[in-house]
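Novice: Whatever this is, show me its structure:
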Amino acid sequence: MSKSPVRAQAEGADGVSEGRDSAVGEQGVNRPERGVIRPGKATKGPGGESVGLTEESTPKPKPAVGRAGRKPESRLAMVRRARRINRELAELYPYAHPELDFRNPFELLVATVLSAQTTDLRVNQTTPALFAAYPTPEDMAAAVPEELEEIIRPTGFFRAKAKSLIGLSAALRDDFGGEVPGRLADLVTLPGVGRKTANVVLGNAFGVPGITVDTHFGRLVRRWKWTEQEDPEKVEAEICAIFPKSEWTMLSHRVIFHGRRICHARKPACGACPIAPLCPAYGEGETDPEKARKLLKYEMGGRPGQRLSPPADYPGRPAPAPGAD
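Specialist: Sure, this is the predicted structure:
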């Protein structure tokens with residue numbers, strides 16, 4: 001039976017301990033030499049700009065688990081494999097971060113609400129004008145709905161989102177002194193705010209660990225056989241039970257980064273994936289290294305990222321401003 005998110009957070013990660021170089025599990029996974037993409041090493045274009053990450057010529061990786069004749073993976077083996085994947089992702093994406101531009105908790109809260117059913121890039125291209133017009137909860141609570149709707153129209157579902165933004169801003173003004181609360185129980189009382197949005201705000205504006213179960217996170221943890229759950233709260237509970245609480249926020253960023261750049265929904269770039277030796281789903285996507293590299297996105301593929309103002313350690317290019325070529 002799945003634990004509730006609250007219970008899972010209280011109990012931690014099942015008390016599983018392991019050294020950094022401990023065995024992956026009972027399958028005795030033999031990891032081939034890693035090739036494809038090397039973490040954090042950017043190639044440079046003629047002008048010195050980052051145009052992609054380097055690769056090494058090594059044998060094509062093979063799937064780690066789920067081969068014919070192997071016994072089912074035990075819980076302990078899965079936890080060890082999951083934690084090893086997390087370590088690999090930490091090396092691959094040392095710069096992982098939330099891909100929404102924000103300067104304070106209110107801006108992050110609003111941007112996260114706007115990000116539903118659209119891209120972070122679209123939100124980031126919309127919020128500069130939005131926050132210029134409504135910089136505080138008091139300002140946004142007093143907004144004329146039609147005027148707010150027109151600004152956020154590019155993000156889609158703009159009428160429903162405008163209603164949520166005005167409602168949550170009024171609640172912040174009336175119930176929280178104009179400040180975004182730093183507790184999950186308070187955040188989820190705001191219009192348009194669920195556990196996913198609350199965990200994004202808590203983890204990135206307040207330093208409170210949390211798992212963000214978006215579409216990318218859910219897809220990857222099921223591919224990796226960390227869970228079979230579909231319900232986001234059940235996914236959150238099961239993943240919380242695998243990892244120490246201190247890892248929850250950064251784990252979320254790393255998994256989401258990987259889902260956006262390499263492990264795509266329709267055609268994952270298996271042949272360019274550094275964690276392929278640990279992946280039970282290896283082979284669902286393109287396995288040819290050359291073809292797989294063409295599927296890489298954002299800084300992995302030498303393209304701009306999603307933030308107009310990315311962190312200083314981001315190795316790629318900023319996203320283009322609205323109207324830029």
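Novice: Which residues belonging to whichever helix or strand residue 146 is part of are considered buried?
Specialist: With elements taken from DSSP states H and E, the one containing residue 146 is helix 145-152. By 16 or more other Cβ atoms under 10 Å, the buried positions in helix 145-152 come out as 148, 149, 151, 152. All C-beta spots, glycine's among them, are computed from the backbone N, C-alpha and C.
Novice: closest to residue 224 among those?
Specialist: Using Cβ to Cβ, residue 152 comes nearest to residue 224 of these, at 34.9 Å.
Novice: Spit out the contact partners of the closest one.
Specialist: 114, 126, 130, 158, 161, 162, 165 (Cβ atoms under 8 Å, 6 or more residues apart in numbering).
Novice: ditto for residue 248
Specialist: With Cβ under 8 Å, 6+ apart, residue 248 has these contacts: 203, 209, 210, 211, 240.
Novice: Including pLDDT, could those residues go into JSON lines?
Specialist: Below are the contacts of residue 248 laid out as JSON lines (pLDDT from 0 to 100):
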{"residue": "203", "pLDDT": "98"}
{"residue": "209", "pLDDT": "98"}
{"residue": "210", "pLDDT": "97"}
{"residue": "211", "pLDDT": "98"}
{"residue": "240", "pLDDT": "98"}
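Novice: if we can go back for a sec, in helices, which of the contacts of residue 152 fall?
Specialist: Using DSSP state H, 114, 126, 130, 158, 161, 162, 165 are the members of the contacts of residue 152 that sit in helices.
Novice: Helix or strand for the spatially most central residue of the chain, just tell me which one.
Specialist: In the chain, the residue lying closest to the centroid (Cα atoms, centre = their mean) is residue 256, at 2.6 Å. For residue 256, the host element (DSSP H and E) is helix 248-261.
Novice: how about the helices in the stretch 51-200 of the chain?
Specialist: 75-92, 105-114, 120-133, 137-141, 145-152, 158-175, 184-187, 195-205 (DSSP state H, counting those that start in this stretch).
Novice: would a markdown table of these with distance to residue 250 be doable?
Specialist: Formatted as a markdown table, the helices of the stretch 51-200 of the chain follow (distance: least, Cβ to Cβ, whole Å):
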| stretch | distance to residue 250 |
| --- | --- |
| helix 75-92 | 7 |
| helix 105-114 | 16 |
| helix 120-133 | 17 |
| helix 137-141 | 29 |
| helix 145-152 | 29 |
| helix 158-175 | 27 |
| helix 184-187 | 18 |
| helix 195-205 | 9 |
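Novice: Out of those, flag the one nearest residue 282.
Specialist: helix 75-92 (12.4 Å).
Novice: just to revisit the earlier point, buried set for the following helix or strand past the helix holding residue 256?
Specialist: The helix or strand immediately downstream of helix 248-261 is helix 289-293, counting by DSSP H and E. Neighbour-count burial for helix 289-293 flags 289, 292, 293 (criterion: 16+ other Cβ under 10 Å).
Novice: my guess is the last one meets residue 272, correct?
Specialist: So the one you mean is residue 293. Yes. Residue 293 lies in contact with residue 272 (Cβ atoms under 8 Å); the separation is 4.8 Å.
Novice: Please consider this matter closed, and thank you.
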